[in-house]
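Q: Provide a 3D model corresponding to the input given below.
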Amino acid sequence: EMDEQTIIVACDGRTSSPRIKAALIKALMECGRDVIDIGLVPTPLLYFATRHLNCHSGVMITGSHNPAEYNGLKIVLKQQTIAAGGIQDIRERVIAGKFKKGTGRMIREDVVPAYIEEVVSDIAIAVPLKVVIDAGNGATSRVAPELFEELGCEVVPLYCELDGRFPNHTPDTSNEDNLVDLVAAVQAEEADFGVAFDGDGDRLAVVTPSGQIIRSDVLLMIFAEDVVSRNPGADVVFDVKCSRHLTQLITRYGGRPVLWKTGHAFMKEKMQETGALLGGEFSGHMFFGERWYGFDDGMYAAARLAVDRCRRGEGPVFIAADTFRMGGHATHDVREARRLLPAEEFEYWGRRDPVGLYEEYLATGPRDLASEAMEASNDLDPGREARNRQVLSSIESELLAEVDAAASRALESRERESSNVTEETDADVYA
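A: Below you'll find the model as predicted:
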């Protein structure tokens, strides 16, 4: 119906994927379609191939972030990823046996060199960075380390041996239990940051040098500050699970926040509809329309983060909308800060709800919160103002640590709430 004669086919590294891919290629050729087999690659390379090759449709066999026994399809028709409803329609046609007959042909194509070349031509990392890459034994095991080495980074590979059984952890980057080894490796290697990819490489998770996991909506804040500040008025699309402070930040930098429903296909559709330069989901999908193609690509997003890391330079590691800095460590002694800070301030902060403190931190930034504590203390005793100003720098590191802990608790609370929400599955259809 769409008059697409040629279809690109690829698969991830699951043990069932080669068998499913072979059956799919055979069926497509028997229907008279030509096939370009690009082999075992991450899903973003299938999307890239529909832009790079003279063919705009493709099928990716992948179970995405799900356990090893699952598998499924991600389908692109004329550069549009179809959602679960479209796949259901295809299923009904298959059951009804509505097939054309013909004889197609197959060729093989390696798009990895072209993908790496295009990313490297777009990304310039000014300072050599040490990066730990956890591929989770998934489809990025080969490509991601090679890409970051080409970008000039020192790569510390973690679980970068392809194994479709996922023996070390399931390839779900949204589950922090799967990031424990990455956190340990980043700290042991004293790396600039660590990044994990899900089973097919369209999601990412990031770990700071101090071992903090950056939640995805805060990561999107980092990207939004960069993209929108250079493109005033730009649209940024995000899903309903993201913090409301993302909206505030986008607006603050002169962009237009666009709230949309969860699902990578829906997000890409909205990105194209609005011409948005950036998009993201709480699950870890990041979409760049600025200088890239608008599809979700964990490796490209990680490369953009590396550029941002170089641009901002050293600074305290903290996941807050007004800081975004990565690298370095707090040097103040927390126990000394506790000794210096008047009891009233500790009582003041001790009464704060941790989730509320985290949300307030995102909205105001650390120094504003420190000033608020100081003002509260000065109301109790105006004579303390001078002394309080002297200890502000000492207590800031403690506030950061407290809010770091609050962030983790807030994320756990959010995940418990979202677990009851029905949403589209990431890979659309699994069997």
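
Q: what residue ranges in the chain are flagged as low confidence?
A: In the predicted model of the chain, residues 1, 84, 312-431 satisfy pLDDT under 70.

Q: One more pass at 50, please.
A: By pLDDT under 50, the low-scoring segments of the chain are 314-397, 421-431.

Q: Which stretches in the stretch 201-350 of the chain count as helices?
A: Remark: helices assigned in the stretch 201-350 of the chain by DSSP state H, counting those that start in this stretch are 216-230, 244-252, 264-274, 298-312, 334-340, 343-350.

Q: Pro145: which of the ones you listed is closest?
A: Pro145 lies closest, by Cβ to Cβ, to one member of the helices of the stretch 201-350 of the chain: helix 298-312, at 10.2 Å. From N, CA and C alone the C-beta is placed, and that goes for glycine too.

Q: With only the CA atoms kept, save the closest one in CSV.
A: Provided in CSV are the C-alpha atoms of helix 298-312 (Å, rounded to 0.1, in the frame of the first residue of the first chain):
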residue,chain,number,x,y,z
GLY,A,298,21.3,6.2,23.6
MET,A,299,24.8,6.3,22.1
TYR,A,300,24.3,9.7,20.4
ALA,A,301,22.7,11.1,23.6
ALA,A,302,25.7,9.9,25.6
ALA,A,303,28.1,11.6,23.2
ARG,A,304,26.1,14.8,23.5
LEU,A,305,26.4,14.5,27.3
ALA,A,306,30.2,14.1,26.9
VAL,A,307,30.3,17.4,25.0
ASP,A,308,28.3,19.1,27.8
ARG,A,309,30.6,17.6,30.4
CYS,A,310,33.6,19.3,28.6
ARG,A,311,31.7,22.6,28.1
ARG,A,312,30.8,23.0,31.7
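
Q: Give me the helices and strands touching that helix, please.
A: Contact partners of helix 298-312 among helices and strands, from 3 or more Cβ pairs under 8 Å, 6 or more residues apart in numbering; DSSP states H and E: helix 43-52, helix 112-122, helix 143-150, strand 193-197, strand 204-207, helix 216-230, strand 286-288.

Q: could you redo these as JSON lines and give each row mean neighbour count and distance to Asp239?
A: Formatted as JSON lines, the helices and strands packed on helix 298-312 follow (neighbours: other Cβ atoms under 10 Å; distance: least, Cβ to Cβ, whole Å):
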{"stretch": "helix 43-52", "mean neighbour count": "24", "distance to Asp239": "18"}
{"stretch": "helix 112-122", "mean neighbour count": "15", "distance to Asp239": "25"}
{"stretch": "helix 143-150", "mean neighbour count": "20", "distance to Asp239": "25"}
{"stretch": "strand 193-197", "mean neighbour count": "28", "distance to Asp239": "20"}
{"stretch": "strand 204-207", "mean neighbour count": "26", "distance to Asp239": "16"}
{"stretch": "helix 216-230", "mean neighbour count": "22", "distance to Asp239": "9"}
{"stretch": "strand 286-288", "mean neighbour count": "26", "distance to Asp239": "11"}
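
Q: quick one: which of the ones you listed is nearest Leu277?
A: When the helices and strands packed on helix 298-312 are compared (using Cβ to Cβ), the closest one is helix 216-230, at 5.4 Å.
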